[in-house]
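**Q** Okay, predicted coordinates and the sequence, questions at the end:
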Amino acid sequence: MRRTKATLIYARTKNIRAVQILLGHSKLDNTIRYLGVELEDALRLSEKTDC
């Protein structure tokens, strides 16, 4: 269930930083691997997000 909710949030918002916070991951790489998204896409989207 946790992965499904995180995937749905990411799909709707494209906000990987928000998903990272919700999942409690300390590293963005962990969130990227968890969601199975492409690294370049995730980094590009992350740069657009405020911390």
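**A** Now that the structure is in, tell me what you want to look at.
**Q** Can you pull the phi/psi pair for residue 20?
**A** According to degrees, to the nearest 10, the main-chain angles of residue 20 amount to phi -60, psi -50.
**Q** Just to check, it is in contact with residue 29?
**A** No - counting by CB atoms under 8 Å, residue 20 stays clear of residue 29, with 9.8 Å between them. Every residue, glycine included, has its C-beta placed from N, CA and C.
**Q** Between the two, point out the one with more neighbours.
**A** Taking other CB atoms under 10 Å, residue 20 and residue 29 do not tie; residue 20 has more neighbours (24 against 13).
**Q** what packs against the helix or strand encompassing residue 5?
**A** Residue 5 is part of helix 2-13, with elements assigned from DSSP states H and E. On a contact count with 3 or more CB pairs under 8 Å, 6 or more residues apart in numbering; DSSP states H and E, helix 2-13 meets helix 16-23, helix 28-35.
**Q** So what angle separates the directions of it and helix 16-23?
**A** Orientation of helix 2-13 against helix 16-23 (axes from the mean of the first three to the mean of the last three CA atoms, to 10 degrees) gives an angle of 150 degrees.
**Q** got a list of contacts for helix 2-13?
**A** Helix 2-13 is contacted from outside by 15-16, 18-19, 22-23, 34-35, 37, using CB atoms under 8 Å, 6 or more residues apart in numbering.
**Q** can you give me the angle it makes with helix 28-35?
**A** Taking the same axes, to 10 degrees, one finds helix 2-13 and helix 28-35 inclined to each other by 100 degrees.
**Q** list the buried ones in helix 2-13?
**A** By neighbour count on 16 or more other CB atoms under 10 Å, the buried set for helix 2-13 is 6, 9-10.
**Q** chain center to it: distance?
**A** 8 Å (CA atoms, centre = their mean, to the nearest Å).
**Q** mind saving the C-alpha coords of that helix as CSV?
**A** The C-alpha trace of helix 2-13 is given here as CSV (Å, rounded to 0.1, in the frame of the first residue of the first chain):
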residue,chain,number,x,y,z
ARG,A,2,2.8,2.4,0.9
ARG,A,3,4.4,2.0,-2.5
THR,A,4,1.1,2.4,-4.4
LYS,A,5,0.3,5.6,-2.6
ALA,A,6,3.7,7.1,-3.2
THR,A,7,3.6,6.1,-6.9
LEU,A,8,0.1,7.7,-7.3
ILE,A,9,1.3,10.9,-5.6
TYR,A,10,4.4,11.1,-7.8
ALA,A,11,2.3,10.4,-11.0
ARG,A,12,-0.2,13.2,-10.1
THR,A,13,2.2,15.8,-8.9
